[in-house]
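Trainee: Predicted structure and sequence below. I'll ask about it afterward.
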Amino acid sequence: QPQLVESGGGLVQPGGSLRLACSVSGFSSVYYTVAWFRQAPGKEREGVSCLGHGHSARDYADSVKGRFTVSRGSADNTVYLQMSSLKPDDSGIYFCARARQSFGPCVLDETEYNYWGQGTRVTVSS
């Protein structure tokens, strides 16, 4: 059974940085796209970034381009989200998710993902 576990969230001041980690098991991120989503209080969940299978495509929401970087760990069982120049609007619960199908596209449409982690909370505040 595929599993995803997020870690690395916390409280950070505006302008600061955090690195989130998504530890995966039961599948290889080499064959499946893994994406990051976030949900702020009172708002719908939104796609943040995705990392395609085979160390290929990456995509980012416009709101995080130039500030966030998604990458895969050397052992292929961890996907990272490096977040810099954080803003209060970046606050929320961050989830990682696995695509429904292997070798699928790197897209930020949550309907394309069917395995989700429990989330890690990020709070950007002074």
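Mentor: In hand now; what should we look at? Numbering: from 1, shown residues only.

Trainee: I'd say residue 40 and residue 92 touch.
Mentor: Yes - counting by Cβ atoms under 8 Å, residue 40 touches residue 92, with 3.9 Å between them. For glycine as for every other residue, the C-beta is placed from the backbone atoms N, C-alpha and C.

Trainee: Run through the bridge partners of residue 23.
Mentor: On the basis of DSSP bridges, residue 23 is bridged to residue 5, residue 78.

Trainee: Could you check which of residue 40 and residue 92 is surrounded by more residues?
Mentor: Neighbour totals were compared for residue 40 and residue 92, and residue 92 leads with 21 against 15 (other Cβ atoms under 10 Å).

Trainee: Low-confidence stretches in the chain?
Mentor: Along the chain, segments meeting pLDDT under 70 span 55.

Trainee: center of it, which residue is that?
Mentor: Compute the mean C-alpha point of the chain, and by Cα atoms, centre = their mean the closest residue is residue 36, 2.2 Å away.

Trainee: what helix or strand does that residue sit in?
Mentor: Residue 36 belongs to strand 34-39 when elements are defined using DSSP states H and E.

Trainee: Quick check: neighbours of that strand in the sheet, parallel or antiparallel?
Mentor: When DSSP bridges is applied, strand 34-39 pairs with strand 46-51 (antiparallel), strand 92-99 (antiparallel).

Trainee: Among the ones you listed, which comes closest to residue 5?
Mentor: Nearest to residue 5 among the strands paired with strand 34-39 is strand 92-99; the distance by Cβ to Cβ comes to 8.5 Å.

Trainee: Show me what counts as buried in the closest one.
Mentor: Neighbour counts over strand 92-99 (16 or more other Cβ atoms under 10 Å) mark 92-99 as buried.

Trainee: Generate JSON lines for those, with distance to residue 82 as supplementary columns.
Mentor: Listed next are those as JSON lines, based on distance: Cβ to Cβ, whole Å:
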{"residue": "92", "distance to residue 82": "17"}
{"residue": "93", "distance to residue 82": "18"}
{"residue": "94", "distance to residue 82": "12"}
{"residue": "95", "distance to residue 82": "17"}
{"residue": "96", "distance to residue 82": "14"}
{"residue": "97", "distance to residue 82": "18"}
{"residue": "98", "distance to residue 82": "20"}
{"residue": "99", "distance to residue 82": "21"}
